[in-house]
Structure formats: structure tokens, C-alpha cells
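Asks: Pasting the sequence and the predicted coordinates here, then a few questions.
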Amino acid sequence: MMNALPHTAMILAAGLGTRMRPLTNETAKPLLEVAGKRLMDWQLAPLIEAGVKRLVVNTHWCADQVEAHARGIGGVEVVFSDESDEVLETGGALAKAAPLLGDDPVFVVNTDAFWMPNDPQPLIDLADAYFPSRMDEILLLADTQRCLGFGGKGDFFLDEDGALTHRGDADAAPWAYAGLRIVNPTLYAAHAAEPFSAFRIWSELLPNRRMHGFALDRFWLHVGDPQALRDAEMWLKCHGA
């Protein structure tokens with residue numbers, strides 16, 4: 001039986017984009033274009049097509065540009081979480097936005113990665129694999145051998161039952177966090193709205209096997225710096241996108 005798809009998505013769009021400089025000196029990273037399409041739109045299009053009805057967008061760097069673009073997105077309600085005083089990072093952002101997110105599970109979306117073909121099926125599959133009785137977060141995972149722009153050692157091992165183990169001190173792990181997950185927002189609402197990484201929450205969930213993963217069955221593109229952006233443009237051109 002298919003689980004309900006979250007109707008709300010938290011879009012992490014407040015970052016300074018330091019690794020993408022100088023391209024982000026006067027533009028927010030989510031608004032950079034890849035093959036003629038804003039970087040954040042590569043994630044928003046499948047979210048909306050899947051059935052998401054509400055976007056909560058946090059803003060800081062070039063906030064006016066991000067807000068102007070997001071207000072032009074059709075078919076969804078868009079609200080903003082203002083981080084103009086300071087960037088709250090991947091955990092603090094959810095703590096501050098908690099009153100806007102409610103108590104039901106939500107998608108949380110990084111804006112520097114996407115998959116091809118760029119369809120909504122991975123979102124539907126991720127929601128179908130999310131069982132709140134057994135997990136608090138489920139992460140979409142990219143195969144480090146089937147991606148572009150990711151130079152890391154991998155983030156996680158995936159157990160047979162879907163539970164995640166962090167790479168820790170291992171030389172490498174086969175799965176990278178693909179920048180999209182389903183979250184129980186009440187976990188973050190219990191924390192102060194101050195800068196902290198989501199890993200503060202994950203370090204509590206992982207030992208209790210409350211953090212699971214789901215393998216992305218698509219090619220994954222991570223667009224973290226100018227070279228990765230150029231590589232993504234070339235890959236998309238070569239593949240007719």
C-alpha cells in the first residue's frame with residue numbers, strides 16, 4: 001500500500017554559496033542556471049509534479065532574488081523563513097521554520113543536486129518507503145559510482161532492512177546523501193533556532209536505527225562548484241537534456 005506523499009517541502013535556499021564563487025558574488029546559488037534552467041527548479045519541478053502543495057523556502061543571501069523567483073512558481077503555496085540575521089545551517093533552518101512546517105512529515109530539499117531523468121518517481125518511491133513507526137528520517141541515496149560532481153568518499157552504508165550506518169572512519173562508503181529526505185519536523189521543533197547541522201539530529205537517530213535510506217534509481221548530478229556546473233552542463237548537452 002502506498003504511503004501518503006508529504007504535501008510540504010522545505011527548500012534550503014539560504015546558503016552563501018561560497019564554493020560556487022565568483023558565480024555567487026551577486027546571485028544566490030539556487031538561481032544559477034544549468035542548461036537554461038535555475039538550479040533549484042531542477043528539484044522543484046518533480047516535487048510539484050509529484051503532488052507537493054506547499055513550499056517553505058528559507059532565505060538569506062540575495063534573499064530578494066530568491067523570493068522573487070519563488071513567488072513566480074505556479075501551482076503551489078510559497079512561504080518564506082527569514083534568516084536575514086544569520087544562516088542557521090541545515091538543522092537550525094528546520095528549527096526556525098518548524099511553525100511553518102507543522103507536525104506531519106515533510107520533504108527537505110537541497111538545491112544543488114538533481115537526478116536524470118528528472119521525473120517525480122523517486123519522490124513517490126521515497127514516500128512509499130517511509131514508515132514513521134520505524135524511522136524518523138529517510139534519505140534519498142545516490143550511488144557514488146553512478147553520479148557526476150561528487151568527489152567525496154561516500155556518506156553511508158545501507159543495511160538490508162534499510163537502516164543507515166555512517167561511514168565514520170571507513171575509507172569509503174557506497175552511498176552519498178542525494179540532497180533530499182523525508183523528515184519528522186517535530187524533532188527539529190524541539191531545538192532552539194540557532195545555527196547547527198542536521199547531523200546533530202542524525203547522531204541521535206543513527207545508533208537507534210531510526211534513520212533509513214532509499215537508493216535512487218537515476219543518474220545523480222551534484223552541482224557544488226563552478227567546475228561541477230560546467231560538467232553538468234556538458235553532461236546534459238551530451239544526453240540531449
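Replies: Right, received. Where do you want to start? Just so you know, these numbers come straight off a predicted model, no measurement behind them. Numbers count the residues shown, from 1 in each chain.
Asks: Where does pLDDT dip in the protein?
Replies: Screening the chain residue by residue with the criterion pLDDT under 70, one finds the ranges 1-2.
Asks: Beyond the longest strand seen in the chain, next helix or strand please.
Replies: Looking across the chain with DSSP state E, the single longest strand is strand 175-183. With elements assigned by DSSP states H and E, the helix or strand that comes after strand 175-183 is helix 186-189.
Asks: In terms of secondary structure, what does the longest strand of the chain contact?
Replies: When contacts are defined as 3 or more Cβ pairs under 8 Å, 6 or more residues apart in numbering; DSSP states H and E, strand 175-183 sits against strand 106-110, strand 113-116, helix 121-128, strand 137-143, strand 156-158, strand 219-222. To be clear about C-beta, it is placed using only N, CA and C from the backbone, and glycine gets the same treatment.
Asks: mind giving me TSV with these and columns for distance to L12 and mean neighbour count?
Replies: What follows is the helices and strands packed on strand 175-183, written out as TSV (distance: least, Cβ to Cβ, whole Å; neighbours: other Cβ atoms under 10 Å):
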stretch	distance to L12	mean neighbour count
strand 106-110	6	24
strand 113-116	11	23
helix 121-128	16	19
strand 137-143	14	24
strand 156-158	19	19
strand 219-222	14	22
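Asks: To A95, which of the ones you listed lies closest?
Replies: Shortest distance between A95 and those, using Cβ to Cβ, is found for strand 106-110: 12.3 Å.
Asks: Indicate each strand paired with that closest one and its parallel or antiparallel sense.
Replies: Sheet pairing of strand 106-110 (DSSP bridges) gives strand 8-12 (parallel), strand 175-183 (antiparallel).
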